[in-house]
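>>> Fold the following, please.
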Amino acid sequence: MIDHALFDPATIDPETKRLNAEIVAAHAAQEDPWSLPIAEVRARRRRGTQASPAMPRSARAETVTIDGPAGPLALRIIRPRLRPGQSPRGAYLHVHRGGWVWGSADEQDPWLERIADNCGFICLSVEYRLAPEHPYPAALEDCEAAALWLAGPGRAELGVTALTIGGESVGAHLAVMVLLRLRDRHNLPRAFRGANLNAGFYDLGLTPSVRNWGEERLVVNTRDLTTFANDYVREGVDRRRPDVSPLYAELKGLPPALFTIGTADPLLDDTLYMSARWAAAGNGGHTAVYPGGCHVFVRYPGEMTARALELIDRFLTALA
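Next up is the predicted model:
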């Protein structure tokens, strides 16, 4: 059971309060992203902004190309630093954030380097197709193809047996959808031993915390999340179909998951609801709630981020 005290504003530490105020101010000082061409927003994101500084690209990264549902599909790979005679302990398939419309596989290399080195995993991030140019189910099909490759020939090519999966925001949504497809379409319910699910967007019909958040852009706001869903899923598609919003899916037979969420995240209810249903389905795992944490707060350095990343390391390492 989650401690109700975690949701008390009095438990938010001064560092987190200061960070959140800085993020809101930085976003307010920038142009509204929805007033700009989507290509410009993507370019600015890659360069980094005051509200969202760019994360450094890894000099260790390499790219492999596999067959995807719409042509070649790129996987960005970061390998662990190993001592002579050591072998990788497993692989981590990562799905990036960005509202299905922004982002790329190379925008979170430091996270993947950390997992590679601390857990001994080969990390792979999927360069999936983006909406609105490629709406649902394009991104999901690309991630499904990456997972099938890793669970099939990729396992032997990389020399690993233990497979894990995860992502942030819509990346967590896509990771869960991949697990459901592996179970339902390919009879591979436990191809992956666990899922690292950070601040997922699990109900595209919008949970109460999203609907009630309002205009304040603490990383994202109600309009942002609504627009992301509208760009990803075309008009006429039921947003609460289980194959669109995994919150409504049958969840039995999925692997253990670590759910990470901050209490100052508009997607708070998505994680609270999904983690409760995950537990009720008997899948196992843990839900970590961080007072005052903004959307994907691990994006910003700090003591709370350090604690959250350390827990992620321990969760993934235990799966190998």
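
>>> Surely His94 forms part of a strand?
Yes - secondary structure of His94 (DSSP: H, G, I helix; E, B strand; the rest coil): part of a strand.

>>> Quick check, it in contact with Glu127.
No - using Cβ atoms under 8 Å, His94 is not in contact with Glu127, being 11.0 Å away. All C-beta spots, glycine's among them, are computed from the backbone N, C-alpha and C.

>>> and for those two, which residues touch both?
Common contacts of His94 and Glu127, defined by Cβ atoms under 8 Å, 6 or more residues apart in numbering, comprise Ala105.

>>> Quick check on these two: which one has the bigger neighbour count.
Ranked by neighbour count (other Cβ atoms under 10 Å), His94 and Glu127 place His94 first, with 26 against 20.

>>> Let's verify the residue nearest to the more buried one when sequence neighbours are not counted: helix, strand, or coil?
By the measure of Cβ to Cβ, 6 or more residues apart in numbering, the closest residue to His94 outside its immediate chain neighbours is Ser125, 4.3 Å from it. What three-state DSSP gives for Ser125 is strand.

>>> And Ser125, how close does it get to Glu141?
Computed as Cβ to Cβ, to the nearest Å, the Ser125 to Glu141 distance reads 17 Å.

>>> Compare neighbour counts for these two and give me the winner.
Legend: neighbour count by other Cβ under 10 Å for Ser125 and Glu141, higher for Ser125 (28 against 19).

>>> surely Leu316 meets His94?
No - with contact defined as Cβ under 8 Å, Leu316 does not reach His94; the gap is 11.1 Å.

>>> Quickly list what's touching both of those two.
Common contact partners of Leu316 and His94 (Cβ under 8 Å, 6+ apart): Gly166.

>>> What strand or helix carries Arg308?
One correction, residue 308 is Ala, not Arg. helix 303-317 (DSSP states H and E).

>>> buried ones in that helix?
Residues 304-305, 308-309, 311-313, 315-317 are the ones in helix 303-317 that count as buried (16 or more other Cβ atoms under 10 Å).

>>> could you redo those as JSON lines and give each row pLDDT?
Formatted as JSON lines, the buried residues of helix 303-317 follow (pLDDT from 0 to 100):
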{"residue": "Met304", "pLDDT": "98"}
{"residue": "Thr305", "pLDDT": "98"}
{"residue": "Ala308", "pLDDT": "98"}
{"residue": "Leu309", "pLDDT": "98"}
{"residue": "Leu311", "pLDDT": "98"}
{"residue": "Ile312", "pLDDT": "98"}
{"residue": "Asp313", "pLDDT": "98"}
{"residue": "Phe315", "pLDDT": "98"}
{"residue": "Leu316", "pLDDT": "98"}
{"residue": "Thr317", "pLDDT": "98"}
